[in-house]
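Chemist: Coordinates only, no sequence provided:
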């Protein structure tokens, strides 16, 4: 069964990670630059999305946040563009904080590759 999260097409990529395992210097970098280094890419296969393809939709149950490896992703709420996230930027981080529904929709603004970071603890 397909959904717009990309995981129906690639369920094997969702390894369990938690940001609590990031070293303090990496957390400091994330907080000051609002960019998340692609430290997870050695363990997770990036997902590819074509221009216009939906990464996730408003109202869906979240299962991951994402780091943009290449390309750009546009974030929208009720159809209104809020932000464009480029390489090393991240989006969907509320998925790791709470289990509420997605507040917005993420759409590939260009062809892009993104790295999913799933909730849970690293085993």
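Modeler: Thanks, I have the structure now. Keep in mind it's a predicted model, so treat the numbers as computed, not measured. Numbering: from 1, shown residues only.
Chemist: Need the pLDDT of residue 93.
Modeler: Here, the pLDDT recorded for residue 93 equals 88.
Chemist: Now do the contacts for it.
Modeler: residue 65 (Cβ atoms under 8 Å, 6 or more residues apart in numbering). Backbone N, C-alpha and C define where each C-beta goes, glycine included.
Chemist: Please report the distance of it from residue 82.
Modeler: From residue 93 over to residue 82 the distance is 14 Å, taken as Cβ to Cβ, to the nearest Å.
Chemist: And residue 101, by the same measure?
Modeler: Residue 101 is 17 Å from residue 82, by Cβ to Cβ.
Chemist: So, low pLDDT: which residues of the chain?
Modeler: 1-42, 119-123 (pLDDT under 70).
Chemist: Excluding chain neighbours, give the residue nearest to residue 112 in space.
Modeler: residue 71 (2.6 Å; Cβ to Cβ, 6 or more residues apart in numbering).
Chemist: Check the spacing between that neighbour and residue 63 real quick.
Modeler: 21 Å.
Chemist: Repeat that for residue 100.
Modeler: Computed with Cβ to Cβ, the distance linking residue 100 and residue 63 is 13 Å.
Chemist: between the two, who's got more neighbours?
Modeler: residue 63 (17 against 10; other Cβ atoms under 10 Å).
Chemist: How much space separates the more buried one from residue 90?
Modeler: 15 Å.
Chemist: Same check on residue 102?
Modeler: From residue 102 to residue 90 the distance is 15 Å (Cβ to Cβ).
Chemist: pretty sure the residue nearest to residue 112 is touching residue 111, no?
Modeler: Yes. If you go by Cβ atoms under 8 Å, residue 71 and residue 111 touch, sitting 5.5 Å apart.
Chemist: Looking at these two, which one has more neighbours?
Modeler: residue 71 (19 against 14).
Chemist: residues touching the more buried one, list them.
Modeler: Counting by Cβ under 8 Å, 6+ apart, residue 71 has contacts 49, 86, 87, 108, 109, 110, 111, 112, 113.
Chemist: Pull up the overlap in contacts between residue 71 and residue 111.
Modeler: In terms of Cβ under 8 Å, 6+ apart, residue 71 and residue 111 are both contacted by the residues residue 49.
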